[in-house]
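Asks: Predicted model and sequence below, questions to follow.
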Amino acid sequence: MMAAHASRSANFEARAAAPSGLSKWRGDADDRVRATFLLLLVLLLAAAPAGRAQAPAVRPDSTLRSASELMAPLPDSMVVVAPEKPLPRLAPAPPTLADFRYADSVFAALAARGRWAALDSAVRAAQQLGSDYPALHRYRGQAALHRERPAAALREYGTALHTNPLDTLARYGLTLAYLQLNQPGPAALLARALPDSLRRPLHLAGFRLLTGVEVEGGAQFPNTFHRGPSAFGRLGFSSRLSPRVSLTQNLTHFSQSLDQPDIERRGFDRRYRIRQNQYHALLAVQLSPRWRALAGYHVLSSDLGRRESPIGQMGYAALAYTRPYYTVQAGFYAGTLTDTARTQTDLRLTVYPLGNLRLYGFGRASVVRSAGRSYPNGVFGAGGRLHRRVWAEAYGGLGLVPVLAEVDGTYVYNLLDPVRERAGASLLFLLPKQLSLRLAGSTERRRDAFNGTYYSLQSLSTTLAWTW
C-alpha cells in the first residue's frame, strides 16, 4: 500500500510539472492579444498628424471640460428652457411735492380751505425738495397775506413778479401787501397795470380828484397866568394826479390869548390874542415801489402882537426808501419865518419788527438852525394794534427848539415860547364807511419867552378822516 501511494504521488507531481494542452492554448491567446494591442497602438500613432500632441482620452462621464467646450454654444437639443413666470407687479411710488401736478393740486386745495399755515409749510417742503417756480412764491405770498404778514408777502410776491412780469396774480397780491402796510403810493404804482376789475375795488384809479378828507380840532391849556388857552383847527385834502403823483393840501388856523409885555414900563400890558394861519402843499412822486420823492411848500401868516409880521415861506424836499421791514427818509426844510431865516434837517426811521402794523417803532432826529444857532431835537415812539380796529401810539421828544416842522411840514410850530420836552399818546379807531377817528393827548414843557421860566402845557385833539 505504501508503494501504491508513493506511485500516485509521483504521478501527480509529474502532471503538475509537465504543461497540459489547455494551458498552452491560453498562453498563446494572451500573446495574440498583446500583439493586437501593440498593432493598434502603432496604427493610431501613424494616423496622428506630425508635430501635434494628442490630448488624452476623456471618459464620457467625466466632469472635466476644456475651455473651448465651455465657451462653445450648446446645441438646441441640450438647451433646457424654464417655463415663463409673470413678473411680480410693483406698486407705483407715491407722488411727492416735487411732482408739479401733484404739488399744485395740494396747494390749491389748501388755499381753497383757507389753511394758510399748512399751505406755507407745504410750499416750504416743496422748495426744500428742489422745486422753484413763480407759483410757489405766489402761494407763499398768499399765505403770508392772509396771516397778516405783509412784509413776508412783499418778498414772495416780489420774487414771483420779478421772475414773470406778466403775472397778474403776483402783481395783485403785491398791491394788497403794500396797502396792508399802509403804503398807498407803491400800491397805486403797481395797480396801474392791473385790469379794471381788480383795480377798481381797491380805489386806486390813475386820477382821482379827491381821495381823502381830514378834519382836526384841538385845544391847549397852559398852567401859567400869562398864557391863556389856545385853539387849533386843520382841514386837509388829498388827491391822486396820476399813478405816480399825489397831492396833499392843508389849511390850518391857530389862536391863543396871552399877556404882552409893555416896552415902556416893567410888567405886562393888556391881554392880546395872537393868530397864525398857514397853507401847506405836499407833492409826492413815487419813483419806484421802493423810492419816493417829496416836495413841499408852506406859507405862514402870523400876528404875534402890536404889529403884523411879514408872511413866512418855507420849502421842503425829502427822499424816502422803503423795504418790507423798515422805511427811512431824509428831509430838509429852508425858509423865513417871522423875519428869521431857519433851516431844519431831518432823518426819520420807521421799523416793523413783526412785518406788519401790529407793532411798529418810529423816530426822528432833527437839527434846527435859527438866528445863527443850532438846536438838536429828537422824537421816538412806538405803536401797535390793540384790537382788530384799534391802534395805540405813544411818543416822547427832547430838545429845546424855537421852531419845528413835523409830518412832512403838515405841522409847523412857529413857537412864541420854545418847547423843551414833550410826550404824547393817541388812539386810532377804524370806523365803517372808510372813516377813522384819532384821539390824541400830549403834555409839553415850554420856556416863557419873556421871563425865562418854564411852564407846562396840555393838549387834546381829535381827527376825523374819510379815505376812499
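Replies: Arrived safely. Numbers count the residues shown, from 1 in each chain.
Asks: any idea how far Ile311 is from Pro402?
Replies: Distance, Pro402 to Ile311, using C-beta to C-beta, to the nearest Å: 19 Å. C-beta coordinates here come from the backbone N, C-alpha and C atoms, glycine included.
Asks: More neighbours: which of the two?
Replies: Pro402 (22 against 14; other C-beta atoms under 10 Å).
Asks: Leaving out sequence neighbours, find the closest residue to Gly185.
Replies: For Gly185, ignoring the flanking residues on the chain, the nearest one in space by C-beta to C-beta, 6 or more residues apart in numbering is Gln286 at 4.3 Å.
Asks: From what I see, that neighbour and Ala191 are in contact.
Replies: No. The criterion here is C-beta atoms under 8 Å, and Gln286 misses it with Ala191 at 11.3 Å.
Asks: Spit out the residues that contact these two alike.
Replies: Pro243 (C-beta atoms under 8 Å, 6 or more residues apart in numbering).
Asks: Name the next helix or strand downstream of the longest strand seen in the chain, please.
Replies: Criterion DSSP state E: the longest strand present in the chain is strand 411-431. Scanning forward in sequence from strand 411-431 by DSSP states H and E, the next helix or strand is strand 435-447.
Asks: so what does that following strand touch, helix or strand wise?
Replies: The elements that strand 435-447 packs onto, with contact taken as 3 or more C-beta pairs under 8 Å, 6 or more residues apart in numbering; DSSP states H and E, are strand 411-431, strand 454-467.
Asks: Only alpha carbons, please: show it as PDB.
Replies: The C-alpha coordinates for strand 435-447 follow below in PDB (Å, rounded to 0.1, in the frame of the first residue of the first chain):
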ATOM      1  CA  LEU A 435     -63.900 156.500   8.300                       C
ATOM      2  CA  SER A 436     -61.300 156.700  11.000                       C
ATOM      3  CA  LEU A 437     -61.100 158.600  14.300                       C
ATOM      4  CA  ARG A 438     -58.000 159.600  16.200                       C
ATOM      5  CA  LEU A 439     -57.900 160.900  19.700                       C
ATOM      6  CA  ALA A 440     -54.600 162.400  20.900                       C
ATOM      7  CA  GLY A 441     -53.300 164.000  24.000                       C
ATOM      8  CA  SER A 442     -49.900 165.400  24.900                       C
ATOM      9  CA  THR A 443     -48.000 167.400  27.500                       C
ATOM     10  CA  GLU A 444     -45.200 169.800  26.900                       C
ATOM     11  CA  ARG A 445     -42.700 171.800  28.900                       C
ATOM     12  CA  ARG A 446     -42.100 175.300  27.500                       C
ATOM     13  CA  ARG A 447     -39.900 178.200  28.400                       C
END
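Asks: Can you give me the buried ones in that strand?
Replies: Burial within strand 435-447, assessed by neighbour count using 16 or more other C-beta atoms under 10 Å, is assigned to 436, 438, 440, 442, 444, 446-447.
Asks: can you give me the offset of it from its chain's centre?
Replies: Put simply, strand 435-447 sits 36 Å off its chain's centre (C-alpha atoms, centre = their mean, to the nearest Å).
Asks: now that strand against strand 411-431, angle please.
Replies: 150 degrees (axes from the mean of the first three to the mean of the last three C-alpha atoms, to 10 degrees).
Asks: Each with direction, which strands does strand 435-447 pair with?
Replies: Within its sheet, and counting by DSSP bridges, strand 435-447 is paired with strand 411-431 (antiparallel), strand 454-467 (antiparallel).
Asks: Tell me which of these sits most buried.
Replies: strand 411-431 (a mean of 17; mean count of other C-beta atoms under 10 Å).
Asks: Using PDB, write out every CA atom in that strand.
Replies: The C-alpha coordinates for strand 411-431 follow below in PDB (Å, rounded to 0.1, in the frame of the first residue of the first chain):
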ATOM      1  CA  TYR A 411     -47.400 171.000  11.300                       C
ATOM      2  CA  VAL A 412     -45.100 173.900  11.600                       C
ATOM      3  CA  TYR A 413     -44.800 175.200  15.200                       C
ATOM      4  CA  ASN A 414     -43.700 178.800  14.900                       C
ATOM      5  CA  LEU A 415     -43.400 179.000  18.700                       C
ATOM      6  CA  LEU A 416     -43.500 182.100  20.700                       C
ATOM      7  CA  ASP A 417     -42.300 180.100  23.700                       C
ATOM      8  CA  PRO A 418     -39.600 177.500  22.800                       C
ATOM      9  CA  VAL A 419     -40.500 173.900  23.700                       C
ATOM     10  CA  ARG A 420     -38.000 171.700  25.600                       C
ATOM     11  CA  GLU A 421     -39.700 168.400  26.400                       C
ATOM     12  CA  ARG A 422     -42.900 166.700  25.300                       C
ATOM     13  CA  ALA A 423     -44.700 163.400  25.400                       C
ATOM     14  CA  GLY A 424     -48.000 162.200  24.000                       C
ATOM     15  CA  ALA A 425     -50.200 159.300  23.200                       C
ATOM     16  CA  SER A 426     -53.100 158.600  20.700                       C
ATOM     17  CA  LEU A 427     -55.800 156.100  19.900                       C
ATOM     18  CA  LEU A 428     -56.900 155.300  16.300                       C
ATOM     19  CA  PHE A 429     -60.300 153.800  15.700                       C
ATOM     20  CA  LEU A 430     -61.200 152.400  12.200                       C
ATOM     21  CA  LEU A 431     -64.900 153.100  11.700                       C
END
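Asks: Nothing else from me, thank you.
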